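Asks: Prediction below, plus the sequence it came from.
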Amino acid sequence: EFGPPANYFAEKIVRAVTTGGRTRESANSRVLGLIEKRYGVPGEIVLAIWGRETGFGAARMPYDAFEVLGTKAFMSTKKDFFRTEVLAALEIVERGLA
């Protein structure tokens, strides 16, 4: 985030995420349960992050994720980190998980 933390936690935004999470909780309960079982992250936390960071999938990146990761892997000061990330992303696609 590039603004003050108060903007990130503004009541209007938090209320929208909470409402959106409640409407998606039952529809996604099976997947949330699997995530919690496998990774130990409570479903409510997954819903909160999904809602706040992507607007439950409504947010669109202006750039292709592979282009961004590839560029970072080539030009970043954290090349090893981004190389690992781009390879993991390619594996996700290869395995048909995306």
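Replies: Done, it's in.
Asks: So for stretch 89-97, what gets flagged as buried?
Replies: Applying a neighbour-count criterion of 16 or more other Cβ atoms under 10 Å, one finds residue 89 buried in stretch 89-97. No exception for glycine: its C-beta is placed from N, CA and C like everyone else's.
Asks: CA-only coordinates of it in CSV, if you can.
Replies: Below are the C-alpha coordinates for stretch 89-97, written out as CSV (Å, rounded to 0.1, in the frame of the first residue of the first chain):
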residue,chain,number,x,y,z
ALA,A,89,3.6,-20.3,-11.2
LEU,A,90,4.5,-22.2,-14.3
GLU,A,91,4.2,-25.5,-12.4
ILE,A,92,0.7,-24.5,-11.2
VAL,A,93,-0.3,-24.0,-14.8
GLU,A,94,1.4,-27.1,-16.0
ARG,A,95,-0.4,-29.2,-13.3
GLY,A,96,-3.8,-27.7,-14.4
LEU,A,97,-4.4,-26.0,-11.1
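Asks: pretty sure residue 24 is touching residue 46, no?
Replies: No. Counting by Cβ atoms under 8 Å, residue 24 does not reach residue 46; the two are 10.2 Å apart.
Asks: What mean pLDDT does stretch 76-83 get?
Replies: Here stretch 76-83 scores 94 as its mean pLDDT.
Asks: let me fix that: stretch 55-67
Replies: 88.
Asks: Please shift the residue numbers so they start at 22 in all later answers.
Replies: Yep, numbering from 22; the last one is stretch 76-88 now.
Asks: Output it in CSV, but only the C-alpha positions, please.
Replies: Extracted in CSV, the C-alpha atoms of stretch 76-88 (Å, rounded to 0.1, in the frame of the first residue of the first chain):
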residue,chain,number,x,y,z
GLY,A,76,-12.2,-7.7,-3.9
PHE,A,77,-13.1,-11.4,-4.2
GLY,A,78,-11.5,-11.6,-7.6
ALA,A,79,-12.9,-8.3,-9.0
ALA,A,80,-9.4,-6.6,-9.0
ARG,A,81,-7.6,-6.9,-12.2
MET,A,82,-3.9,-6.6,-12.7
PRO,A,83,-2.9,-4.3,-15.6
TYR,A,84,0.0,-6.7,-16.4
ASP,A,85,0.3,-10.4,-17.0
ALA,A,86,1.6,-12.2,-13.9
PHE,A,87,4.1,-14.2,-15.8
GLU,A,88,5.6,-11.1,-17.4
